[in-house]
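1. Sequence and predicted structure below; questions after.
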Amino acid sequence: MICPNCATELSDFARFCANCGQAQKEDTPFPEVEYETCEIAWNQVLPAQGKKKKPSKEFFVGNFYFWARVVGPKGTYSTGQTPEIPFTVKNHDPSNEQTVELLNALLKELESGGWEPVGKGETWFSYQFRRMIQAAEKQ
């Protein structure tokens, strides 16, 4: 849409011109804004059967990874994950630099993909994001 007063290109949903302030069409509808949400979760990867690990002082065995769980009109899906990390109490702790570095890389990847941080969940790693759903993505 073009402003009839100053010829500035405007959004089809503009009520006023951002350049000159001229009111635009009164019947311009506001778009319905919908978001999909994303929260960081973790998943444990157990060792394959037949590959027995020696008993250890650790409660869990195997590896884990953080992943970005999305909930939206397409259902629930993953939009990214960290590499697998050996599961130890030390590695699953927010003071472990390597674990935090991998998590931060995933958070940065989400933000560069258009995800907006909106808060944190109950655990130290459960960052929450949202992203506006485009009309084409809803179908």
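-> Cool, got the structure. Numbers count the residues shown, from 1 in each chain.
2. which helix is the longest one in this protein?
-> Longest helix of the chain, by residue count under DSSP state H: helix 97-112.
3. Give me the buried positions along that one.
-> By neighbour count with 16 or more other Cβ atoms under 10 Å, helix 97-112 contains the buried residues Thr99, Leu102, Leu103, Leu106, Leu107, Leu110. (C-beta placed from N, C-alpha, C; glycine too.)
4. The fourth one contacts Gly80, doesn't it?
-> Yes. Leu106 is in contact with Gly80 according to Cβ atoms under 8 Å; the separation is 5.7 Å.
5. hey, what's in contact with both of those two?
-> Counting by Cβ atoms under 8 Å, 6 or more residues apart in numbering, the common neighbours of Leu106 and Gly80 are Trp67, Ala68.
6. now this structure, which segments are flagged as low pLDDT?
-> Within the chain, the stretches with pLDDT under 70 are 27-32, 48-61, 134-139.
7. Would you mind splitting it into its domains for me?
-> By the assignment in automatic domain parsing, the chain contains the domains 1-31, 35-138.
8. Could you say which of the ones you listed is packed most deeply?
-> Stretch with highest mean neighbour count among these: domain 35-138 (a mean of 14; mean count of other Cβ atoms under 10 Å).
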